[in-house]
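Participant: model the structure of this input:
(one chain, ligands or ions: 1)
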Amino acid sequence: MSQPIENLLHENRNFPPAADFVAQANASDPAIYAEADADYEAWWAKWARELHWFEPFGAVCEFEAPNAKWFLGGKLNAAYNCIDRHAEANPDKVAIIWEGEPGDVRHVTYGELKDEVSRLGNALKQLGVQKGDRVCIYLPMVPELPMAMLACARIGAAHTVVFGGFSAESLQERTNDAEAKVIITADGGWRRGKVVPLLQITEEAVSKGCPTVQSVVVLNRAGDYPIPTGSFYHAWSELVASQATDCPCEPMDSEDMLFILYTSGSTGKPKGIVHTTGGYLTQTYATTKLTFDLKPDDIFFCTADCGWVTGHSYITYGPLANGGTVLMYEGAPDTPNKDRFWRLIERHKATILYTAPTAIRTFMKWGEHFPADCDLSSLRLLGSVGEPINPEAWVWYHEHIGHGKCPIVDTWWQTETGAHMVTPLPGITANKPGSATHPFPGIAISILDEQGEGPVVTGPGSETTASGFLVIDRPWPSMTRGIYNDPERFQATYWSKFPGKYFAGDGVAVDDDGFLWLLGRVDDIMLVAGHNISTMEVESALVDHHAVAEAAVIGRTHDLKGQAIAAFVILKSEVTETPALVDEIRRHVAEKIGPIARPDDMYLCGELPKTRSGKIMRRLLRDIAEGRALGDTTTLADPSVVATLKLQYEEKEG
Ligand code: WT7
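Facilitator: Coordinates of the predicted model:
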């Protein structure tokens, strides 16, 4: 097969799991891969049976691309599985440890969680929410956020969580697309010492027009904005005060919708990704147990917001379905100081940390003395998600956060996949820094070229490394069941490039040992003088240079080469910029990857344009490098960043 994307970066350090970790691991026998492969339906059915079903399922899976059904005919309730069965066995066990940005702390036990969720469930019913309705949740990271999700699940309504950093327009668009009956919000939430005025933003969205919304429930969190009177806005506290703590869990069909979550593609309106109940809960449950090796006494700190899929699957559903304890934090990592995450871990004795490479690189930039000054000895496992983790960041994470003793799980998955798809298992896999390693047991992946040729067969001893498009071969329980109200777009986006197979949109390479290396979104692949080069590889080589803190790379049009490589680079704070240093960094990339990857343009800058979930918006960097007017900047976390960059660029180009 031809190689649509070249993988030029080589990384061969190896980190096998430590014997004492293996001895206690939930999964330590490599035979589970073969077992799951031999009969993947039986493998997943075994996990599904660890959940509580009101009525057992019959057939395990029915699949005709793009439509899948899992655990047919089974009846269950996600809230029952995440709360009631633990509240009955162990009511005083802490489910959620929460710290607000100002420093307030709450512990919510499974018993309390059951009561609170039941009261809110009854309140939603009182507002007219019925099984099958949608409820929009626009809350800060407070315990009431997972409570609201679970209250919806309890009464059979689907939730759609909108990240608290989104604007009125984004909230309005998502609320209307989901046809939500109720919005649950708060007066505000704390972020960098200030209150984000969520109620005010909700009012703005409502006044622009949310025709399906009948009521708004307002939690009092920040206490700085009056709740309007009348029958449309309701104070959470008043609404739940009179409700009973008895609210039966609605028996849901395995295929009933659990939630819609919007993902913003690089173009077009956001896609409402639909997940259903039985399959989603099965795979989030199983992956939490195996990938994170979750045990009853673990304290699991996932730094994502519940507004993203990571907060759905690995704060709410996966850990709570396991009866685990999660640590949740409301605010920013640098408030009041740049050691906030490490102080949280120290204070609450977190044992597992799950965060993103962009955060890790930021911590590297801030300096290792922040974690070094804190007691991180409670940690036993680290996780990464969101983008490929460059080996440099992997090694730093391993050394300065894990103190060399914590395995790292680099988990590749998507909003659409619902749960981990490619990841090490910490008691089995020998890690190579930067590789997400192997598909989770039961998952089958192919690497195909533009013509759909493949799969690539490699193994120990084969000489070449192959790369191409990441394709998922067979159905998996937590796969999305579609884009809400848009089956054509679902088919076109994921199922038409390689008919009958799921196209993830990512590039991937496999090395001689069969390890997978994610190469980023295929839209981020450059074509330089006939070579396909992944922006992520050049970025990884850039940050490998000791003076570089962060980098973003794009291909800009070039008369001769098709595309030329433009690199936007943030230097470490202690480094002084000189032309010699710029040359040296370019040379470093050429040495790491090859002369073909040497950046043509280098811009030193102070910040990079990122979305609120931390993804670099390369589209805008291309606009800058090609001297165009900036495209849509509304999804940026900080729109002023690109404006500054553009000015800098124009000055430099004269
Ligand atoms: C895209 C999905 C999955 C939850 C957070 C993001 C990239 C995610 C990894 C990883 C390399 C990764 C992919 C994927 N991605 N995790 N471990 N290694 N790339 O969810 O917003 O739906 O984004 O994030 O490009 O397709 P999302």
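Participant: mind listing the helices for the stretch 551-654 of the chain?
Facilitator: Along the stretch 551-654 of the chain, the segments classed as helices by DSSP state H, counting those that start in this stretch run 579-592, 618-625, 640-653.
Participant: which neighbouring elements make contact with the first one?
Facilitator: Right, helix 579-592. Other helices and strands packing on helix 579-592, by 3 or more CB pairs under 8 Å, 6 or more residues apart in numbering; DSSP states H and E, are helix 535-543, strand 562-571, strand 601-604. (Glycine included, C-beta is placed from N, CA and C.)
Participant: what lines up beside the last one in the sheet?
Facilitator: With DSSP bridges as the test, strand 601-604 is paired with strand 562-571 (parallel).
Participant: least confident secondary structure element in this protein?
Facilitator: helix 640-653 (a mean of 79; mean pLDDT, DSSP states H and E).
Participant: any chance you could list what contacts it?
Facilitator: 568, 603, 605-610, 617, 620-621, 624-625, 627, 630, 633, 636 (CB atoms under 8 Å, 6 or more residues apart in numbering).
Participant: list buried residues within those.
Facilitator: Buried residues within these, counting neighbours by 16 or more other CB atoms under 10 Å: 568, 603, 605, 608-610, 617, 620-621, 624-625, 630, 633, 636.
Participant: dump the residues you listed into TSV; add distance to Arg481 as well.
Facilitator: TSV is the format used below for those (distance: CB to CB, whole Å):
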residue	distance to Arg481
Phe568	38
Tyr603	43
Cys605	42
Leu608	35
Pro609	33
Lys610	30
Met617	29
Leu620	33
Leu621	35
Ile624	39
Ala625	39
Leu630	36
Thr633	33
Leu636	31
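Participant: make CSV out of these and add distance to the ligand.
Facilitator: Compiled in CSV, these are given as follows (distance: CB to the nearest ligand atom, whole Å):
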residue, distance to the ligand
Phe568, 19
Tyr603, 24
Cys605, 23
Leu608, 17
Pro609, 17
Lys610, 13
Met617, 13
Leu620, 18
Leu621, 17
Ile624, 22
Ala625, 22
Leu630, 22
Thr633, 19
Leu636, 15
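Participant: ok, these vs His312, which is closest?
Facilitator: Lys610 (21.2 Å; CB to CB).
Participant: what's around Glu203, how many residues?
Facilitator: 18 (other CB atoms under 10 Å).
Participant: now do it against the ligand, distance only.
Facilitator: To the ligand, Glu203 is 28 Å away according to CB to the nearest ligand atom, to the nearest Å.
Participant: does that residue touch Pro228 like I think?
Facilitator: Yes: with contact defined as CB atoms under 8 Å, Glu203 and Pro228 form a contacting pair (7.4 Å).
Participant: and Glu101, which of the helices of the stretch 551-654 of the chain is closest to it?
Facilitator: In terms of CB to CB, the element of the helices of the stretch 551-654 of the chain nearest to Glu101 is helix 640-653, at 22.7 Å.
Participant: quick one: distance of that closest one to the chain centre.
Facilitator: Distance of helix 640-653 from its chain centroid, counting by CA atoms, centre = their mean, to the nearest Å, is 30 Å.
Participant: which bits of the stretch 251-400 of the chain sit near the ligand?
Facilitator: Within reach of the ligand by CB under 6 Å from any ligand atom, the stretch 251-400 of the chain has these residues: Thr263, Trp308, Val309, Thr310, Val385, Gly386, Glu387, Pro388.
Participant: the chain too?
Facilitator: Residues of the chain lying near the ligand (CB under 6 Å from any ligand atom): 263, 308-310, 385-388, 410-415, 436, 504-506, 518, 520-521, 613.
Participant: and the nearest residue to Asp473 once chain neighbours are set aside, how many neighbours?
Facilitator: Take Asp473 and drop its neighbours on the chain: the residue closest to it by CB to CB, 6 or more residues apart in numbering is Ala444, 4.1 Å away. Ala444 is flanked by 16 other residues according to other CB under 10 Å.
Participant: and the residue of the stretch 101-250 of the chain found nearest the ligand, what does it touch?
Facilitator: Among all residues of the stretch 101-250 of the chain, Phe163 sits closest to the ligand, at 11.0 Å; criterion: CB to the nearest ligand atom. For Phe163, the contact set (CB under 8 Å, 6+ apart) comprises Asp305, Gly307, Trp308, Arg612, Ser613.
Participant: now render those residues as a markdown table, adding pLDDT and neighbour count.
Facilitator: Below are the contacts of Phe163 laid out as a markdown table (pLDDT from 0 to 100; neighbours: other CB atoms under 10 Å):
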| residue | pLDDT | neighbour count |
| --- | --- | --- |
| Asp305 | 95 | 22 |
| Gly307 | 94 | 24 |
| Trp308 | 94 | 22 |
| Arg612 | 79 | 18 |
| Ser613 | 76 | 20 |
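Participant: okay, and which of those map to strands?
Facilitator: Of the positions in the contacts of Phe163, not one sits in strands, assigned by DSSP state E.
Participant: put the alpha carbons of the least confident helix or strand of the chain into PDB.
Facilitator: Taking Å, rounded to 0.1, in the frame of the first residue of the first chain, the C-alpha atoms of helix 640-653 are listed here in PDB:
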ATOM      1  CA  SER A 640      -7.000  38.500  21.600                       C
ATOM      2  CA  VAL A 641      -4.200  36.000  21.100                       C
ATOM      3  CA  VAL A 642      -4.600  35.800  17.300                       C
ATOM      4  CA  ALA A 643      -5.000  39.500  16.900                       C
ATOM      5  CA  THR A 644      -1.600  40.000  18.600                       C
ATOM      6  CA  LEU A 645      -0.100  37.200  16.500                       C
ATOM      7  CA  LYS A 646      -1.400  38.800  13.300                       C
ATOM      8  CA  LEU A 647       0.100  42.100  14.200                       C
ATOM      9  CA  GLN A 648       3.500  40.500  15.100                       C
ATOM     10  CA  TYR A 649       3.400  38.700  11.800                       C
ATOM     11  CA  GLU A 650       2.600  41.700   9.800                       C
ATOM     12  CA  GLU A 651       5.400  43.700  11.500                       C
ATOM     13  CA  LYS A 652       7.900  41.000  10.700                       C
ATOM     14  CA  GLU A 653       6.800  40.700   7.100                       C
END
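Participant: got the buried residues for the helix or strand containing Ala393?
Facilitator: Taking DSSP states H and E as the definition, Ala393 sits inside helix 391-396. Neighbour-count burial for helix 391-396 flags Pro391, Glu392, Ala393, Trp394, Val395, Trp396 (criterion: 16+ other CB under 10 Å).
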